[in-house]
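Undergrad: build me a structure from this.
(one chain, ligands or ions: 2)
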Amino acid sequence: MSSSGRNAVRAARRVVVKIGTNALTNATGRFNRAHFEALGEDLLWAAQGRELVVVSSGAIALGVERLGLPARPKDIPGKQACAAVGQSRLMQAYEEAFGKADRRVAQVLLTHGDVQDRRRYLNVKHALERLIEAGVVPVINENDTVSVDELKFGDNDTLAGLVAGVVEADVLVVLSDVEGLFTADPRKDPNARLLSQVDAVTPELLALAGGSGSLVGTGGMATKIRAAARVTELGVRCLITSGAVPGRLRSVLSGEPVGTLFETSGSRRSARMAWIAHALKPKGKLIVDPGAREAVVTSKRSLLPSGIRLVEGDFGRGDPVDLVDEQGQVFARGLSSYDDGELRKIAGLKSADIESVLGYRYLDEAVHRDDLAVL
Ligand SMILES: Nc1ncnc2c1ncn2[C@@H]1O[C@H](COP(=O)(O)OP(=O)(O)O)[C@@H](O)[C@H]1O
Ligand SMILES: N[C@@H](CCC(=O)OP(=O)(O)O)C(=O)O
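TA: Ligands and ions are numbered 1, 2, ... in the order given. From the prediction side, this is the model:
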């Protein structure tokens with residue numbers, strides 16, 4: 001195992017720590033105060049000499065407890081109500097933990113809509129940068145009370161991955177209730193083995209990951225691995241480890257070989273390409289022929305209307321669309337140069353024919369290379 005990655009983690013200046021519901025609650029889903037105190041000490045330690053951003057789950061679980069409900073509600077308004085009640089308790093806990101060393105925290109609640117539009121994405125970035133500059137620890141969560149369905153990130157692993165990209169962190173630490181990524185779900189398989197380092201996220205690796213083994217967690221290991229895959233592409237190392245063991249965060253940030261380290265990948269995406277690939281939710285699909293797939297994936301070319309077989313969805317110019325091959329596999333995401341109605345008319349045609357069919361022409365490309373991220 002290479003130690004360079006661990007050394008880089010030890011040297012990290014800007015760190016995003018994601019704290020899952022499982023790391024904050026006990027087996028019955030109640031807030032574990034004694035445990036949180038230990039975690040708070042670890043976070044304070046981590047914030048010394050580093051720029052720290054926290055992405056914290058727990059609002060719904062704390063709301064369930066505060067409202068005295070027997071279980072986590074399954075309906076959306078029930079979850080929204082719990083999140084509203086629990087979020088203020090959650091912040092109170094962080095205020096107290098960081099207040100011990102007179103450190104300031106700031107509540108930042110995001111919805112997916114806040115990063116869908118490039119201008120709003122940059123607004124989020126600028127606000128976070130200013131907070132960090134001022135020595136404040138942003139404590140970020142999804143705005144569960146107002147975000148439903150298509151507005152949702154859905155789980156905080158995805159949100160934390162996005163935040164790590166937005167603030168250009170050196171490391172993303174994901175604190176859960178397991179020591180890291182195992183060869184199988186350790187709750188179910190006693191022979192499961194911890195993987196200390198992952199150099200590339202392959203489909204086989206994703207297959208190791210099950211959903212959440214608990215009643216309170218949301219994404220399980222799969223969303224954590226996907227988040228790791230996304231951030232490592234951006235040059236951000238990712239570590240998954242247990243938040244249930246006091247001192248784990250310190251060990252990780254001291255470069256000790258605990259948890260699972262996801263190493264950065266060789267090729268890096270630009271911030272804009274990462275935004276296209278990961279921050280956007282597609283509004284439509286362009287099903288393309290094998291030649292067009294080859295041109296986009298292998299030759300790194302634009303998608304021309306001639307390669308489009310079928311257009312699905314309702315989207316405008318500049319909206320995100322998925323590029324899908326004839327087997328149904330999504331292989332790229334980009335911003336469409338035309339709306340769906342226009343693309344339906346020019347699909348399969350040569351660029352030279354666009355003007356005679358539409359009566360005008362914006363670009364020769366349906367999705368320009370500069371607006372296209374291969375996944
Ligand atoms: N291959 C695996 N390695 C480790 N944990 C796994 C794996 N597959 C599934 N899991 C489950 O993922 C859970 C952690 O995810 P989750 O419950 O969403 O927690 P969190 O609240 O920290 O996000 C673990 O408790 C474990 O049961
Ligand atoms: N935003 C939600 C948590 C969503 C989530 O992903 O939870 P988890 O899998 O515990 O990190 C909350 O605060 O309850």
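Undergrad: my read is F331 is in a strand, agree?
TA: Yes. According to DSSP: H, G, I helix; E, B strand; the rest coil, F331 belongs to a strand.
Undergrad: partner residues bridging the residue in the stretch 251-375 of the chain that ligand 1 sits nearest to?
TA: Closest to ligand 1 within the stretch 251-375 of the chain is T260: 8.5 Å, counting by Cβ to the nearest ligand atom. C-beta: built from backbone N, CA, C; applies to glycine. Beta-bridge pairing of T260, defined through DSSP bridges, involves I240.
Undergrad: burial measure for it, as a count.
TA: Neighbours of T260 under the rule other Cβ atoms under 10 Å: 23.
Undergrad: for I276, which residues are in contact?
TA: P320, R333, G334, L335, D371, L372, A373 (Cβ atoms under 8 Å, 6 or more residues apart in numbering).
Undergrad: okay, the residue positioned nearest the centre of the chain: pLDDT?
TA: Closest residue to the average C-alpha location of the chain: T158 at 2.4 Å, with Cα atoms, centre = their mean. The model reports T158 with a pLDDT of 93.
Undergrad: same check, this time on Q116
TA: The model's pLDDT for Q116 equals 82.
Undergrad: for A200, same thing?
TA: 89.
Undergrad: and it, what does it touch?
TA: By Cβ under 8 Å, 6+ apart, the contact list for A200 reads S265.
Undergrad: quick one: neighbours of the residue nearest to M221 when sequence neighbours are not counted, just the number.
TA: Closest residue to M221 apart from its sequence neighbours, by Cβ to Cβ, 6 or more residues apart in numbering: A209 at 3.7 Å. The tally of other residues near A209 (other Cβ under 10 Å) stands at 18.
Undergrad: equivalent analysis for G318, please.
TA: Neighbours of G318 using other Cβ under 10 Å come to 12.
Undergrad: ok, it to ligand 2 distance?
TA: Distance, G318 to ligand 2, by Cβ to the nearest ligand atom, to the nearest Å: 30 Å.
Undergrad: what residues sit buried inside stretch 83-103?
TA: 83-87, 89-91, 93-94, 97-98, 103 (16 or more other Cβ atoms under 10 Å).
Undergrad: which stretches of the stretch 51-200 of the chain aren't confidently modelled?
TA: 150 (pLDDT under 70).
Undergrad: could you tell me which residues of it lie near ligand 1?
TA: S57, S176, D177, V178, L181, F182, A184, D185, P186, R187 (Cβ under 6 Å from any ligand atom).
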